[in-house]
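> sharing a sequence plus its predicted fold:
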Amino acid sequence: MPTYEIIVVIFLCSFMLLLFTGFPIAWILGGLSLVFSLLGIVLANWFDIDTYLLDSWSDFAIIIDRIWNQMENWVLVSLPMFVFMGLMLDRSGVADKMMRNFAALFGRFNGGLAVTVVLIGILLAASTGIVGASVVLLAVLSMPIMMQQRYSRALASGVVAASGTLGILIPPSIMLVIMADQLGLSVGDLFMGAVFPGLLLGALYLAYVVLVGLFFPRFAPHPPNLEPLSWSLIGSTLVSVVPPLFLIIAVLGSIFGGIATPTEASGLGAFGATLLALLNRRLTWQSFTEVCRETMLTTAFIFGIFIGATAFALVMRSLGGDELIAEALKGLPFGPNGIVIFILLVAFLAGFFLDWLEITLIILPLVAPVVRDLGFEMTWFVVLFAVCLQTSFLTPPVGFSLFYLKGVVPKGVTTVDIYKGIVPFVMLQLVAIALIFLMPAIVTWLPAWMYAR
């Protein structure tokens, strides 16, 4: 094995080992990049050992230009705006009204409250895209009611955690924005491609909770006393859906219709969420400053990892890591479809230990060129990869939705309850991955139809 390949293997193994130290991921990425840059330069210049491309500090200095280009990228300007939109919408009171009306309408059936959580999760996903905020909001609004109604603690925990993660896939999704930036794809194409996969996942969740209500009513009972079904209740429920639909149409409609770029639409969404908070009398100076502060912290966290991952990717390429990984993947005796399945399996397993952001910034840019060379449609593959990454929010020990949920669940709901509850939903996510893999039109039909008009 050539020297550069040995260094690449040590580089990757060091990264995986340091993950278990709990040290901030951005510092691990940047620190390892610096150390292995120095190692490559020393081997190349002092010992005259070929380390592929890296042989001087000027190679590593390119990182400054790369970081500057990231900061000037207009696509990434949409990130803080989408984050602001999601956080402001969570404080606008829109979800509170929907929960009250949906619970009164659907709660009269076995499993009705779980159905309510999934429906609101889909609407929040299409208008926020912030997983942590959605999980916490759904838990605070629905978990106490489900506990009072004697729902299974596992079912209640699972449906909240899973429904809250839909925001990372259903547009507008910050994950898709970052994937588009990393691979040079159209954000609008990825948004259009992710619409039906996101709705498919929501439909699978709905089918599951309905079947539980039908066949295992003791896990999701209906309350003994509810107000009679009336046209006024149906009308108020429909009215409560109007504000999030307004935001969805304003943001996604402007993108899909070619009226605005994703960056411009993100600003429109941020303004729309602020307007909804104002109309609901939830907009105060304190809430506004809190949203701005949380947006700043979230954006800084993302860009901190961006900088570390940019350095990591530069050093990996300079050491020949991308060629090594490409040759290793193409050398697998599986055929093109088998290679894609192997990549998805690696992403799924990585999700047990890594957040979606690290996988998107480190693994996806390394494997995407191989998939492109194999002749696969990139929008299909990236959306498929995104659905696979959604499982990382639910798989322990680093499933962030589980952490968010554990912090706000009512007393008596244990970590074991949460872990039991998410198992069926992870299985449903795997079913969705299989369906999208076998039927690419789930992803490709809407973009093709929009461009054919």
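Done, it's in.

> for the stretch 351-453 of the chain, give me the ranges with low pLDDT.
Scanning the stretch 351-453 of the chain for pLDDT under 70 picks out 398, 452-453.

> quick one: the helices in it?
Assigned by DSSP state H, counting those that start in this stretch, the helices in the stretch 351-453 of the chain fall at 356-358, 364-373, 378-390, 400-406, 415-438, 441-452.

> so for residue 214, which of the ones you listed sits nearest?
helix 415-438 (15.0 Å; CB to CB). The C-beta positions use only the backbone N, C-alpha and C, and glycine is treated the same way.

> circling back: can you tell which of the helices of the stretch 351-453 of the chain is closest to residue 156?
Judging the helices of the stretch 351-453 of the chain by CB to CB, what sits closest to residue 156 is helix 415-438, at 7.1 Å.

> any chance of the helices of the stretch 351-453 of the chain in a markdown table, with mean neighbour count too?
Shown next, in a markdown table, are the helices of the stretch 351-453 of the chain (neighbours: other CB atoms under 10 Å):
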| stretch | mean neighbour count |
| --- | --- |
| helix 356-358 | 23 |
| helix 364-373 | 18 |
| helix 378-390 | 24 |
| helix 400-406 | 21 |
| helix 415-438 | 18 |
| helix 441-452 | 15 |
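
> nearest to residue 174, out of those?
Between residue 174 and the helices of the stretch 351-453 of the chain, the shortest separation by CB to CB is 9.2 Å, and it involves helix 356-358.

> residue 331 is nearest to which of the helices of the stretch 351-453 of the chain?
When the helices of the stretch 351-453 of the chain are compared by CB to CB, helix 364-373 sits nearest residue 331, at 10.8 Å.

> outside of the closest one, which residues touch it?
The contact list for helix 364-373, computed with CB atoms under 8 Å, 6 or more residues apart in numbering, reads 179, 182-183, 313, 316, 321-322, 325-326, 329-330, 339-340, 343, 346, 378, 381-382, 385.

> spell out which helix or strand contains residue 201, please.
Following DSSP states H and E, one finds residue 201 within helix 187-215.

> may I see the buried residues of that helix?
187-202, 204-206, 208-210, 212-213 (16 or more other CB atoms under 10 Å).

> repeat that for stretch 256-275.
Buried residues in stretch 256-275, counted by 16+ other CB under 10 Å: 256, 260-270, 272-275.

> max pairwise distance over those: which two?
256 and 274 (22.8 Å).

> re earlier: out of the helices of the stretch 351-453 of the chain, which comes closest to residue 92?
helix 400-406 (19.6 Å).

> and for that closest one, what are the contacting residues?
Contacts to helix 400-406, defined as CB under 8 Å, 6+ apart, come from residues 131-132, 135-136, 139, 157, 160-162, 164-165, 355, 392-394, 396, 415, 418-419, 422.

> which of those are buried? Put it as a ChimeraX command.
To isolate in ChimeraX the members of these that are buried, counting by 16+ other CB under 10 Å, one can use:
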select :131,132,135,136,139,157,160,161,162,164,165,355,392,393,394,418,419,422
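
> who are the packing partners of the helix holding residue 201?
Using 3 or more CB pairs under 8 Å, 6 or more residues apart in numbering; DSSP states H and E, the elements in contact with helix 187-215 are helix 112-125, helix 153-164, helix 174-183, helix 254-256, helix 262-279, helix 378-390, helix 415-438, helix 441-452.

> quick revisit: out of the helices of the stretch 351-453 of the chain, which comes closest to residue 93?
helix 400-406 (20.4 Å).

> can I get the closest one in CSV? Just the C-alpha atoms.
Provided in CSV are the C-alpha atoms of helix 400-406 (Å, rounded to 0.1, in the frame of the first residue of the first chain):
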residue,chain,number,x,y,z
PHE,A,400,-30.5,14.4,18.7
SER,A,401,-34.3,14.2,18.7
LEU,A,402,-34.1,11.7,21.6
PHE,A,403,-32.1,14.3,23.6
TYR,A,404,-34.5,17.1,22.8
LEU,A,405,-37.5,14.9,23.7
LYS,A,406,-35.9,13.6,27.0
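
> report the distance from that helix to the chain centre.
14 Å (CA atoms, centre = their mean, to the nearest Å).

> spatially nearest residue to residue 361, not counting backbone neighbours?
Nearest residue to residue 361 in three dimensions, chain neighbours excluded: residue 309, at 3.6 Å (CB to CB, 6 or more residues apart in numbering).

> pull out the buried members of the contacts of helix 364-373.
Here, 16+ other CB under 10 Å leaves 179, 182-183, 313, 316, 321-322, 325, 329, 339-340, 343, 378, 381-382, 385 buried among the contacts of helix 364-373.

> and which of these is nearest residue 90?
In terms of CB to CB, no member of the buried ones among the contacts of helix 364-373 lies closer to residue 90 than residue 179, at 24.0 Å.

> separation between the residue lying closest to that closest one once chain neighbours are set aside and residue 213?
Nearest in space to residue 179, with sequence neighbours left out and distances taken as CB to CB, 6+ apart, is residue 382 at 5.3 Å. Distance, residue 382 to residue 213, by CB to CB, to the nearest Å: 35 Å.

> cool, and residue 232?
From residue 232 over to residue 213 the distance is 25 Å, taken as CB to CB.

> next one: residue 260
41 Å.

> spell out the secondary structure type for the residue nearest to residue 164 when sequence neighbours are not counted.
Nearest residue to residue 164, sequence neighbours excluded (CB to CB, 6+ apart): residue 135, at 3.3 Å. What DSSP: H, G, I helix; E, B strand; the rest coil gives for residue 135 is helix.

> I'd assumed residue 160 was in contact with residue 135.
Yes: the pair residue 135 / residue 160 is scored as a contact, 6.6 Å apart, by CB atoms under 8 Å.

> residues in contact with the closest residue in space to residue 33 that isn't next to it in sequence?
Of all residues not flanking residue 33 in the chain, residue 311 sits nearest, at 3.8 Å (CB to CB, 6+ apart). Residue 311 is in contact with 29-30, 33-34, 63, counting by CB under 8 Å, 6+ apart.

> and residue 84, by the same measure?
By CB under 8 Å, 6+ apart, residue 84 lies in contact with 270, 273, 291-292, 295.

> now residue 242, what's its secondary structure?
In three-state terms, and counting by three-state DSSP, residue 242 is helix.

> can you give me the neighbour number for it?
Here the number of neighbours of residue 242 (other CB atoms under 10 Å) works out to 10.

> same question for residue 319.
There are 26 residues near residue 319, going by other CB under 10 Å.

> ramachandran angles for it?
phi -90, psi 0 (degrees, to the nearest 10).
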